[in-house]
Every structure is written in C-alpha cells, then in structure tokens.
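Enquirer: let me see the structure of the following:
(chains A and B)
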Amino acid sequence: MMNKKVILQLDALTCPSCLTKIETAIKAEPGVGTVKVLFNAGKVKADIDDSQTNAEKLSDIVTKLGYEVEKVKVKDL
Amino acid sequence: MKFQLFIQKHTNQITGATAALIVLGYLSKYFLGNNLIYQVSLAVASIIAVIPIAMHAYQALRAKTISIELLVTIAVIGAFIIGEYNESAVVTFLFLFGNYLEQKTLSKTRASIKSLTEMAPTTAEVVQADGSIEEVDVDDVDVNDVVLVKTGAAIPVDGVVVEGNGYADEAAVTGESRAVNKTLTDKVYSGTILSNGFLKIKATKVGDDTTFAKIVELVEDAQDTKSHAEKFIDRFAQYYTPAVLIIALLVFIFSRDFKLAITVLVLGCPGALVIGAPVSNVAGIGNGAKRGILIKGGEVMDTFARIDTFVFDKTGTLTKGTTSVSEVKSYNDTLNTTLLMAAKVESLSDHPLGRAIEQYATAQQLQYHDLKIDNSETIKGQGIIAQINGQRIAVGNLKLMTASEIVLTAQQQVDLTKLQEQGSSVVIVAIDQAVTAIFGISDEVRPEAAAALAALKQAGAKHLVMLTGDNQKTADYVAQQLGIDEVRAELMPDQKVNFVKEFQAAGQKVAFVGDGINDSPSLATADIGIAMGSGTDVAIETSDVVLMQSSFSALVHAYKLAKKTVLNTRENIVIAISVVAFLLLGLIAGFIYMASGMFVHEASILVVIFNAMRLISYGKSKEL
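Expert: Alright, predicted model coming up:
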C-alpha cells in the first residue's frame, strides 16, 4: 500500500542520463511505487509505503549517487 | 562517497586547474623549449580532469546505461596510453568546460519556472486565538487559519479577505501585472503580491492545493512532458551510444588504428542532438508561463502548432458572457407592471435571459419579490406561463407566443426582427394574450476579439468556427462582426462535441476555445482544448492549454509561440545532424581529430542552447 508521497528537491540536474540513474536507483528500493524525476525542475517525486521505507532512505540514495538534496517534503496520499 | 561529493562540488575548480595546466604546458614548450614540463603538466591535467568524467560514467554503468561520459573516458584513457597527453588533456578540459557552460545556459532557459517558484512565500504570519501573531512555515498553515499580510509581502494562501483593504498584483496567477483592489470577502490567491495595504485572510486552500501551487506543478510537469521528436531521440540515444562503442571497436579490429578508434568514440557523442529538442520546449513553455499561458508539454506544443481550425464557444469566450437588457419596446403605458410581473416569473428560472430581466427590474428599483404566483408552467426551450393576480402572463420567445396563439402586431413583428438582426436575444412578454413588451437582451462582443481573430488567421489558422446555443440571427450578427468563417447556432452542449468530431473526421486539426465551465467534453475531444480565463481545477485538468487571463492577445501569443517553438526544435535537430555529418566528413578527410572534434561538439551544444534561448524573449518587444 503506497500511502506517502515523497518530494525531493535537488540541485539543478544537467545531464539527461542523471535522470535515468536516479530513477533506476530509487525504483530498486523496496516499498517504492511510482517514481518521477523532473529533469528541468530538479525534483524527484516518489510514492512510497512508509512501513517499508522512508524519505530519508530515498534522500540517502540520491545523495550517494552524487546529487545534493536541498529539501525533502512528505505528503499523505 | 565523501570523495565523490567533493569532486562533484569542485568540478569547476578542477576545470580551472586543467585549463591552467594546459596553458602552463604549452607555454613551457614554446617559450622555454622544455618538453618535460609540457608532457608532465598535460598528463597531470588529463588525470585530474578525467576523474569527474569517469565517476559519472561508472555511476551510469551501475544504472545499466552507457553514457557519453563512458565514451569520453575510454577515449581519454586510450589517448593517455599511447602518450597523446595533449589530446587527452584538451578533450577532457573541453568536455568539462562545455558542461559548465551548458549548465549556465540551461539554467537560463529554466529561469522562468524558477522565478515562478521563487515568488512562492515560505512563511506566513498566522493570527493566533489570543490575537498574537506567530510566524510559521507555509506548509504548517491550516485551512481556516487567519493570516496577516502586510504591504510588499506575498500572500501565502488562497483565501478570503476578512479584514483590511489593499491592492494585490496577481501576475503570478494571471500573468497580467496589474493592481487589483482587494477588500472584505474578496478572494485572494497565494503567490500574488500585496503591493499596497494590509489584509487579514482566512485560508481556504493551503500548500499544494492553492491555484498557484497547481500552476507551478503543471509547468514543471509540462517542461518534462516530451514531444514525439524528443521521445524518438531518447530511444535513439539509448541505442546510439552503445552502437558508437561497438563501431569504435570494429574500427580498431579492422583498421588496427588505435588513434582512429578513439577518435570515433569522441566524435560519436550525441551531444547537441539529445539536448536540442528538449531545450526548445523548456524555453517555449517558460515563455508562456510568464504570460499566464500554460502549455502542457512538448506534445501539446507540437499539436498546437499544427492546428488549422479554431472552434470558439460564443458566450463568455467571444462575448463578455454577461447578458443585460439593452433595449425595451413597450406597447402600453404600464411598462412597470409588465416588468414587475415578468421579473417575478423569471425568478422561477435560472436562465441567463431571465437573470438579465431580474437584474433590469432590480436596477429600476421594482420590488417584484412580493408578488404571488398562483401557478406556473415552464416549457423547455420556450419560456414560462404563469398566473398572477388572475392574469395570465407568458414570458418567453416567439415559439411560446405561437404555441399560445398570441399574435404579434405588424409593429411588434418589425421590432422583433430588428432586435434579432442586431444580435440581441429577445424575451417577449404577453399579458392576457396581448404582447405588452419586448426586451432585447444582448451579450457584448469582446472589443479586442476581431483584431485577435484576424491575427490568428495571419499566423496560419485557416478556419474559424463559432458554436453557440443561441439563435441563428444573433450568432450571424456576432460572426459577421468578428470575421468568423462558419457559424453553427441553436446547439445543445453535446452537439458541440459532434461538430468538433465532424471537423476532425474531415482531416482538420481542431482547437476548441471555451471558458472551461461547461465545455469540458469539447475541450477534451478537440486535438487541443484551450480554456480561457478561468483557473478552475476542471479547466486546468481537461484542457491542454490554459490561458489564465481571459484575453485574446494571450491566445494569439500562445499560437504563435507554439509555431515558433516547433520551428526552433526543428532548427536544433538540423544543426545537430549537420554537425555529426560535418564531423564524420572531417574524420574521413582527415582534418578532424579528437580535440578539434570535441571542440566542435561542445560548440554545437552551446549553439542549440543559444538558439532556444531566443524563445525566452519571444514577443517581448511588441505588445500584442
């Protein structure tokens, strides 16, 4: 059950391949549903099940890929 | 991972250091004749510059993508192995420097959306139960909280004014920078600026539910919604990059020329092709967003540019949508009695013509509410018949009169025809089988519509159609004033959809322009649905293009902008393909090598970005 929506605001993305990278990495995390990476807005939007994962974990994944996370927002679905 | 982040953050410094080392190397070779310093400094430059590139290549590989960075990394390592330090140094530097410039210029094309989001306030001053003020994060404001906004501040919520008075600049929501007076019970929107005054606002929508947040979200999504061309290029790039790798390998196997093989790797980078199409759309959508024109993505942009038929809903779109009594013909000396009774009867219906008569009666200060109706019958599409004080009153159109066997005098007949020819709707009132008055009710044509429609035609629209539920005569009158090609009158809402389908079946590309209130089916059916002047949720959802302000100049600008953007995309694709062809030719003819090839590549990326940037300022100089 996806019950939360996580929105990560990143530093500006420059290469379209970063997008695929981030999307693939986040999708691989258990408890993650739909993932959308907005290239021009530099945003990652993901639906998650908060019993399996949380916003910090996703933020960590993105940071590890080498992108700075500027702001994290969690909303109820 | 610390190292990775460090490199990421200092890529610009690495680029700078590489440049300095390259300059140092060449200076020492040509001025000091020192070949050792030359070789060492270029080798060092290659090593430090390849680190960030290789890092990206590795990360992409882990995500199972073969990236441009991988091609460059292999080429550079290859050049390094055969001792071509100058080539490897210059290639890596150009690649990094190109990325830097790309980043700078790209952020310019994204600037419009960024300036939008920056308008959003981050904190709000919430009035507490004890009357004190507390500053909180906008995300923590709840519906029904009362917030305080002072001069110069941005309004943090959608809401209703409960205290105070002021002027708000609603450019963030409508694209039109104009001070709008706000006072008790007026609606205000998040993101708009209180340029003058002081307001206390009761929040009705907060956070991501506000109109402004929806606009921002829509534009963000739109800039990433790809056109067909982009999707094609994406798919192409997915196979293209690995293909280049294989071709380079084949070249090496067959020619045994290592240098040639690594050159192919560098030249094969798809650079300008990948960035060319999206960058045009981002700039074009940004241009629209700044003017309150929301275009939902690259595909919409494509289709919009190919529209040849514009179908307009008349009421509220081509006309102001507010009907009022414009002429009264009275046939006895008790006009007030007639009006009083007609207004009372019309209060039973919510027909717009009835509203107009009620408003007219109210304006004459007639107290029609006190009258008592004994019984009434509403005849759909004709009018109402009722009994008041023992008198039988019929209020409606000619059909109702004919059905009730009420005969118009010759003079009344002439007046009726004249009113209809002027484009007015008519309401005939008969008391006890005799016509006592005819009301002409009209809906004023928007003053700027005629010029705008002419501009649309000039921009490439071939067929302008008006659909309306009104009668044929009114419709013809309006159409003739506006230069409309085809008129379909007396339509029910579902018939409008059928006409849209009919045009589509005839091979026309149809845009439907409506006010978004009851046109949803037509908006959704047309190739492009354009909602004009209403920021309602439904309109934003069902339409492809939303014009936040109800203005025809915005429509014309949007159409021209779509054509311009598509043209710009094409230019960029042509530029990119010519560059690849040129490089290939140069490689065969032998005048292009790794470093020069990389230079041409990076230059072409900048050229397509600059070309797209022209779209940002499109239409700025002249007021449409």
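Enquirer: need the pLDDT of residue A:16.
Expert: Here the pLDDT value assigned to residue A:16 is 62.
Enquirer: typo on my end, it should be residue B:518
Expert: 66.
Enquirer: the one 5 residues further on now?
Expert: According to the predicted model, the pLDDT of residue B:523 comes to 84.
Enquirer: how about residue B:493?
Expert: 69.
Enquirer: how far away is the residue nearest to residue B:403 when sequence neighbours are not counted from residue B:433?
Expert: Using CB to CB, 6 or more residues apart in numbering or on different chains and skipping the chain neighbours, the partner closest in space to residue B:403 is residue B:382 (6.5 Å). Every C-beta, even on glycine, is put in place using the N, C-alpha and C of the backbone. As judged by CB to CB, to the nearest Å, residue B:382 and residue B:433 stand 16 Å apart.
Enquirer: between those two, who's got more neighbours?
Expert: Neighbours per residue, other CB atoms under 10 Å in any protein chain shown: of residue B:382 and residue B:433, the larger number sits with residue B:382, 18 against 12.
Enquirer: which other helices and strands contact the longest helix along chain A?
Expert: If you go by DSSP state H, chain A has its longest helix at helix A:16-27. On a contact count with 3 or more CB pairs under 8 Å, 6 or more residues apart in numbering or on different chains; DSSP states H and E, helix A:16-27 meets strand A:32-38, strand A:43-48, helix A:55-64, helix B:35-62, helix B:271-290.
Enquirer: hmm, back to that, surely the residue nearest to residue B:403 is in contact with residue B:395?
Expert: No. Between residue B:382 and residue B:395 there is no contact, the gap being 9.9 Å when judged by CB atoms under 8 Å.
Enquirer: now residue B:334. Nearest residue, chain neighbours left out?
Expert: residue B:436 (7.4 Å).
Enquirer: can you tell me the SS state at that neighbour?
Expert: strand (DSSP: H, G, I helix; E, B strand; the rest coil).
Enquirer: where does chain A come near chain B, residue by residue?
Expert: A:12, A:14-17, A:20-21, A:24-25, A:38-41, A:43, A:63-68, A:73, A:75 (CB under 8 Å from any CB of the partner chain).
Enquirer: so which strand or helix has the residue of the stretch 451-600 of chain B found nearest chain A?
Expert: Per CB to the nearest CB, residue B:576 is where the stretch 451-600 of chain B lies closest to chain A, at 14.1 Å. Following DSSP states H and E, one finds residue B:576 within helix B:552-589.
Enquirer: centre of the chain to that helix, how far?
Expert: 21 Å (CA atoms, centre = their mean, to the nearest Å).
Enquirer: and what of stretch B:123-141?
Expert: Its chain's C-alpha centre and that of stretch B:123-141 lie 33 Å apart, by CA atoms, centre = their mean.
Enquirer: sort out which residues of it are buried, please.
Expert: For stretch B:123-141, burial by neighbour count (16 or more other CB atoms under 10 Å in any protein chain shown) applies to B:124-127, B:138, B:141.
Enquirer: nearest to chain A among those?
Expert: The closest of the buried residues of stretch B:123-141, once distances to chain A are taken by CB to the nearest CB, is residue B:138, at 11.4 Å.
Enquirer: need the contact list for the nearest residue to residue A:29 once chain neighbours are set aside.
Expert: Leaving aside its chain neighbours, residue A:29 sits nearest to residue A:53 (5.6 Å; criterion: CB to CB, 6+ apart). Shown here is residue A:53, whose contacts under the criterion CB atoms under 8 Å, 6 or more residues apart in numbering or on different chains are A:29-32.
Enquirer: show the buried residues in the residues you listed.
Expert: Buried, going by 16+ other CB under 10 Å: A:29, A:31-32, out of the contacts of residue A:53.
Enquirer: mind listing the helices for the stretch 351-500 of chain B?
Expert: B:352-363, B:398-403, B:410-421, B:449-458, B:472-482, B:493-505 (DSSP state H, counting those that start in this stretch).
Enquirer: can I get these in a markdown table with mean neighbour count?
Expert: Below are the helices of the stretch 351-500 of chain B laid out as a markdown table (neighbours: other CB atoms under 10 Å in any protein chain shown):
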| stretch | mean neighbour count |
| --- | --- |
| helix B:352-363 | 19 |
| helix B:398-403 | 17 |
| helix B:410-421 | 15 |
| helix B:449-458 | 18 |
| helix B:472-482 | 19 |
| helix B:493-505 | 16 |
